[in-house]
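1. Got a predicted structure plus its sequence, pasted below:
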Amino acid sequence: MNEKQNDYRWMQRALTLARQGEGRVEPNPMVGCVITQGEKIVGEGFHTAFGAAHAEVEAIRNAGTLADGGNLYVNLEPCCHQGKTGPCTEAILAANIARVVVANTDPFPQVAGSGLAALAAQGIEVTTGVALEEAEELNAPYFHYLQTKRPWVIAKWAMSLDGKIATHRGDSRWISNSSSRKIVHQIRGRVDGILIGRRTAELDDPQLTARPPGPRTALRVVLDSQAQLSSDSQLVRSAGEIPLLVVTSEKAPAEEASRLKNAGCEVVKIEQDQTTNPLHALLTLLGKREMTNLLVEGGGNVLGSFLDAGLINEVHTFVAPLMIGGEGISAVSGKGIDQMERAYRLENCQIEQIESDMYISGRFPREKDS
Ligand SMILES: NC(=O)c1ccc[n+]([C@@H]2O[C@H](COP(=O)([O-])OP(=O)(O)OC[C@H]3O[C@@H](n4cnc5c(N)ncnc54)[C@H](OP(=O)(O)O)[C@@H]3O)[C@@H](O)[C@H]2O)c1
């Protein structure tokens, strides 16, 4: 193998290690690191949890004295500032690494190229851009968050062959099979927030928890402009133990908002004026809480509002081999588009069969970020 092929191979390994931090490291990025001597890996590590040691430090510790003179592969530029942990550039210099290979530079303002510059200034050979696309894809929510200060929005729904998420009476249990629903619980367990509309809360009475639990507990969010969420709902009854944010508007009667607050919910009023989209305002608010990923679970009206506002970044859809017909509820309502050439098209689409369901997932191109 030539150097380029080797670089790519070891960076793939670093990316595989990095992914193990998913759901544990956010709002930090997922980072993996490999140290090699010739054709052999002598040390590996990844960022395991927010506030824990960085991947480079883990890999150097793992390699011990074998790091001396080695090549270090890391998917994100090493940091050069004192954050929750010490600068990785200093650990790399102390370990006497000869060459550092990176996929992405880190747009984090205190790094942004200065990590690589600090290494190069000390005579370390630096290579960047290896497996760039894969690395960008892995940390797309992190880059999106740094750029927009808003969480990455993941839309999820299960629908019939005829594109419906419930019957005309609002019955939706169950459209997808139990294996598909397990995948949804895995996603729930790694995101910072799970959002639904008031009608879904009313008709489905969901818990919006990950079962079994994942690495993080999501803030549950209900869009309920008039603060009508029932005190008997599972969401409100569990609000004391699992955080629940009810997003209301100026239309919400004060006594209803107080009722929900007294039941342990957090109630936030977002004005529905004509100048700013309330969903933008909400995402900005969630971003201020350092939420990196938000899962939007529907229903159709809520998904439509997010789509119309160009706020969906990633989609997970389960298509079940059944038909609902009639006035069943559409998966995505809202205004929609008027010409096919303006359709929102997923890229890097993955299509997988989950027993009898078809699981389609993908992301919208980053240009749609605003
Ligand atoms: N198959 C699936 O994957 C799946 C997933 C979820 C839900 N569902 C089904 O979907 C059905 C409900 O869907 P739905 O479309 O009728 O209702 P929905 O989207 O769950 O809720 C819509 C309601 O949310 C409130 N809302 C507040 N801000 C909003 C905004 N910016 N955009 C849109 N809505 C906003 C509005 O009520 P207020 O005016 O009172 O605020 C609105 O009427 C249920 O039958 C449920 O079972 C299926």
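-> Happy to help now that I have it. Numbers count the residues shown, from 1 in each chain.

2. wait, what's in contact with the residue of the stretch 201-350 of the chain found nearest the ligand?
-> Proximity to the ligand, evaluated over the stretch 201-350 of the chain using CB to the nearest ligand atom, is greatest for Gly299 at 2.0 Å. Placement of C-beta: from N, CA and C, glycine included. For Gly299, the contacting residues are 165-166, 196-197, 199-200, 203, 329, by CB atoms under 8 Å, 6 or more residues apart in numbering.

3. Ok, Arg150 next?
-> Listed by CB under 8 Å, 6+ apart, the contact set of Arg150 reads 144, 280, 283-284, 286-287.

4. if we go to 7 Å?
-> 283-284, 287 (CB atoms under 7 Å, 6 or more residues apart in numbering).

5. beta partners for the residue nearest the centre of the chain?
-> Closest to where the C-alpha atoms of the chain average out (CA atoms, centre = their mean) is Asn293, at 3.5 Å. Note on Asn293: beta-bridge partners by DSSP bridges are Trp152.

6. thinking it is in contact with Pro141, fair?
-> Yes. Applying CB atoms under 7 Å, one finds Asn293 in contact with Pro141, separated by 5.4 Å.

7. Would you map the helices across the stretch 201-350 of the chain?
-> 234-237, 254-262, 278-288, 300-308 (DSSP state H, counting those that start in this stretch).

8. Packed most tightly, which of those would that be?
-> helix 300-308 (a mean of 21; mean count of other CB atoms under 10 Å).

9. Can you give the contact residues for it?
-> Contacts to helix 300-308, defined as CB under 7 Å, 6+ apart, come from residues 153, 155, 157, 165, 196-197, 223, 279, 296, 312, 329-335, 344.

10. go again using 6 Å as the cut-off
-> Here helix 300-308 makes contact (CB atoms under 6 Å, 6 or more residues apart in numbering) with 155, 165, 197, 296, 312, 329-335.

11. what is the residue of the stretch 51-200 of the chain at minimum distance from the ligand paired to in the beta sheet?
-> Proximity of the stretch 51-200 of the chain to the ligand (CB to the nearest ligand atom) peaks at Gly197, 2.3 Å away. On the basis of DSSP bridges, Gly197 is bridged to Leu223.
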